[in-house]
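S.K.: Need coordinates for the following:
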Amino acid sequence: MDEIDDSSASVGSADVSIDPAGIAVITLRGEIDMSNVESLRDVIAPVLEKTPERVDFDLSGLGFMDSSGIALLLRVAAKTGSVHLREPSALVRRMVEATGLSDVLLIEP
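M.R.: Modelled structure (predicted):
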């Protein structure tokens, strides 16, 4: 797992795995904002090089995400067939729904 840590920045991490169905799963933890999103993009980039049909984001450990995090999810969606969000917090769910992105970022319970 790659940790992003800077005393003046939020702490967030990304971990990439493949589930039993062969789907790339990117687990995001901590906080994602403009102070660390670039580092998270670097962790995710190898997944996008393979142009997967589907990418799932496990958001069960994500405490906070601002608009730069939503932009990160949209960037992945633009390079894949579909993006599914597993266990988003109520805040992330509201952000996706309020921005009208629930047809692009598919929310799973």
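S.K.: what comes up buried for the top strand by length along the chain?
M.R.: Using DSSP state E, we find that the single longest strand of the chain is strand 54-65. Residues 55-59, 62-63, 65 are the ones in strand 54-65 that count as buried (16 or more other Cβ atoms under 10 Å). Glycine gets a C-beta too; all of them are placed from N, C-alpha and C.
S.K.: partner strands of that strand, parallel or antiparallel?
M.R.: strand 24-32 (parallel), strand 82-86 (parallel) (DSSP bridges).
S.K.: my guess is residue 13 meets residue 28, correct?
M.R.: Yes: if you go by Cβ atoms under 8 Å, residue 13 and residue 28 touch, sitting 7.4 Å apart.
S.K.: Looking at the two, which has the bigger crowd around it?
M.R.: residue 28 (27 against 21; other Cβ atoms under 10 Å).
S.K.: Leaving out the residues flanking it, which one is nearest to that one?
M.R.: residue 62 (4.9 Å; Cβ to Cβ, 6 or more residues apart in numbering).
S.K.: and what of residue 17?
M.R.: In space, residue 17 is closest to residue 25, 5.1 Å off (Cβ to Cβ, 6+ apart).
S.K.: for residue 104, same thing?
M.R.: Using Cβ to Cβ, 6+ apart, the nearest residue to residue 104 is residue 77, at 5.2 Å.
S.K.: Quick check: which element contains that neighbour?
M.R.: helix 67-78 (DSSP states H and E).
S.K.: Any regions of the chain where pLDDT drops low?
M.R.: For the chain, applying pLDDT under 70 flags the ranges 1-10.
S.K.: on that earlier part again, which residues are in contact with each of residue 13 and residue 28?
M.R.: Counting by Cβ atoms under 8 Å, 6 or more residues apart in numbering, the shared contacts of residue 13 and residue 28 are residue 40.
S.K.: What distance do you get for residue 35 to residue 73?
M.R.: As judged by Cβ to Cβ, to the nearest Å, residue 35 and residue 73 stand 17 Å apart.
S.K.: Who has more neighbours out of those two?
M.R.: For residue 35 and residue 73, the more surrounded residue by other Cβ under 10 Å is residue 73, and the numbers stand at 24 against 17.
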